[in-house]
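Enquirer: Test case, fold it:
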Amino acid sequence: MKKNVAIAMGGYSSEYKISLNSGELVYNYLDRELYNLYRVHILLEGWFVVTDNNEKFPIDKNDFSVNIQDKKITFDVVFNSIHGTPGEDGIFQAYLNILGIPQTSSAFYPAALTFNKRDCISILRAYGIQTAPNYLLNEGDDINTKAIIEKVGLPCFVKANKAGSSFGISKVYKEEELEKAIHFSYKEDDEVIIESFLDGTEVSVGVMNYQNEITALPVTEIISDNDFFDYKAKYLGESQEITPANISDENRIKVQKQAIKIFKILKLNGFARAEFIFHHHEPHFLEINTCPGLSEASIIPQQVKAAGISLKAFFTEMVRTALQS
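Expert: From the prediction side, this is the model:
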């Protein structure tokens, strides 16, 4: 008998439209001979199963079920492709854990930890992972621009601490630009992290638990047409994403090992995408995303194909692994 798979997509943040594209790709490629597939939109206005005819049926949050044509449908597993809250910060995972429903991404605590950039960096530094110097702010804190520059220098990056897809991020060159950039980040989150600019090659490394082994995918080199890898560079084609990356074998092996080490330290599951800058020939960790984009323009699908794995096989293996957990 086929298992019922809920493909959860959307979310409550600025990233929800990107997530809908990610979920749609999963819906199109996941093996229908093995599973019954259901699109589940998790949105601020409600949770719904959306059919191919665009009919919407509300999810009963008491047990994460749906009633379609007088038939109650429950789900054996959830493919979590939500970006931002509640699917990337652990809230949705905790809810499913209470209900005893397995899901494809990391558990609730690792998800919450990785979604908080500054907490994640603090943990990894204790394990010797190199990162950029940073300065932390909570909304309402005094903004001492001289102290910030003394700590991180110029140029620097001002980032919303808990946001993805380059929302709430600015590259700052002058002290007088800092306060405006900080308030821009506060539009996305009440916590801000300000990091030194590291000059070097930016790369992205997918890591996955595939066929019961933690494996790194081919490395992607990111060359933005803009000042940094912003939203337009990620999703509107204003960048070059070279897979496999044009880096030495030594550096490729080094950054893949680093990504696997981080995946293990943080006790992640499913798949994730880690970002690094090669600065003075050493990979410096930027962030890791436990619910990375899966649209046609996204990096993980590019890396999966470069590894010689079909998207059908990849998505199906993620579901199989979750069902075994």
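Enquirer: hey, let's count contacts and neighbours off CA atoms from now on
Expert: OK.
Enquirer: what's the weakest-modelled helix or strand in this structure?
Expert: When the helices and strands of the chain are scored by mean pLDDT, DSSP states H and E, helix 231-235 comes last with a mean of 47.
Enquirer: list the helices and strands the helix or strand following that one packs on?
Expert: Counting by DSSP states H and E, the next helix or strand C-terminal to helix 231-235 is strand 239-242. Counting contacts by 3 or more C-alpha pairs under 8 Å, 6 or more residues apart in numbering; DSSP states H and E, strand 239-242 is packed against strand 220-224.
Enquirer: Next, find the distance separating residue 307 from residue 208.
Expert: Using C-alpha to C-alpha, to the nearest Å, one gets 12 Å for the distance from residue 307 to residue 208.
Enquirer: okay, and the common contacts of these two?
Expert: The contact sets of residue 307 and residue 208 overlap at residue 217 (C-alpha atoms under 8 Å, 6 or more residues apart in numbering).
Enquirer: So between the two, which is more surrounded?
Expert: Comparing residue 307 with residue 208 by neighbour count (other C-alpha atoms under 10 Å), the higher total belongs to residue 208, at 23 against 15.
Enquirer: Now do the contacts for the more buried one.
Expert: Contacts of residue 208 (C-alpha under 8 Å, 6+ apart): 214, 215, 216, 217, 269, 270, 271, 272.
Enquirer: Please flag which of those sit within strands.
Expert: If you go by DSSP state E, the contacts of residue 208 have 214, 215, 216, 271, 272 in strands.
Enquirer: Looking at these, which is nearest residue 152?
Expert: residue 272 (27.9 Å; C-alpha to C-alpha).
Enquirer: Thought residue 287 was touching that closest one, still the case?
Expert: No. Counting by C-alpha atoms under 8 Å, residue 272 sits too far from residue 287 to count as a contact (10.5 Å).
Enquirer: The two: which is more packed in?
Expert: Comparing residue 272 with residue 287 by other C-alpha under 10 Å, the one with more neighbours is residue 272, at 23 against 19.
Enquirer: I'd like the distance from the top helix by length along the chain to the chain centre, please.
Expert: In the chain, taking DSSP state H as the definition, the longest helix is helix 249-265. Its chain's C-alpha centre and that of helix 249-265 lie 18 Å apart, by C-alpha atoms, centre = their mean, to the nearest Å.
Enquirer: again with stretch 200-214
Expert: 12 Å.
Enquirer: Show me which residues of that stretch are buried.
Expert: Across stretch 200-214, burial judged by 16 or more other C-alpha atoms under 10 Å covers 201, 202, 203, 204, 205, 206, 207, 208, 209, 210, 214.
Enquirer: pull the CA atoms of that stretch into PDB?
Expert: Provided in PDB are the C-alpha atoms of stretch 200-214 (Å, rounded to 0.1, in the frame of the first residue of the first chain):
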ATOM      1  CA  GLY A 200      37.900  35.400  -1.400                       C
ATOM      2  CA  THR A 201      36.100  32.800  -3.400                       C
ATOM      3  CA  GLU A 202      32.500  32.000  -2.200                       C
ATOM      4  CA  VAL A 203      31.400  28.400  -2.500                       C
ATOM      5  CA  SER A 204      28.300  26.400  -1.500                       C
ATOM      6  CA  VAL A 205      28.400  22.700  -0.400                       C
ATOM      7  CA  GLY A 206      25.400  20.400  -0.200                       C
ATOM      8  CA  VAL A 207      25.600  17.700   2.400                       C
ATOM      9  CA  MET A 208      23.100  14.800   2.600                       C
ATOM     10  CA  ASN A 209      22.300  11.600   4.400                       C
ATOM     11  CA  TYR A 210      22.100   9.500   1.300                       C
ATOM     12  CA  GLN A 211      21.700   5.700   1.400                       C
ATOM     13  CA  ASN A 212      22.600   5.800   5.100                       C
ATOM     14  CA  GLU A 213      25.900   7.700   4.600                       C
ATOM     15  CA  ILE A 214      26.700  11.400   5.100                       C
END
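Enquirer: so what are the domain limits for the chain?
Expert: Here the domain assignment for the chain is 3-105, 113-130+198-290, 134-196, based on automatic domain parsing.
Enquirer: Could you export those domains as CSV, including distance to residue 315?
Expert: Formatted as CSV, the domains of the chain follow (distance: least, C-alpha to C-alpha, whole Å):
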stretch, distance to residue 315
domain 3-105, 6
domain 113-130+198-290, 10
domain 134-196, 22
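Enquirer: Figure out which of those domains is closest to residue 311.
Expert: domain 3-105 (6.3 Å).
Enquirer: Would you work out how far apart the start and end of that closest one are?
Expert: Using C-alpha to C-alpha, the two ends of domain 3-105 sit 18 Å apart.
Enquirer: Can you pull out the low-pLDDT segments for this structure?
Expert: Applying pLDDT under 70 to the chain flags residues 164-166, 224-239.
Enquirer: in it, which spans are helices?
Expert: 16-29, 91-99, 108-115, 117-125, 145-152, 178-186, 231-235, 249-265, 299-306, 311-324.
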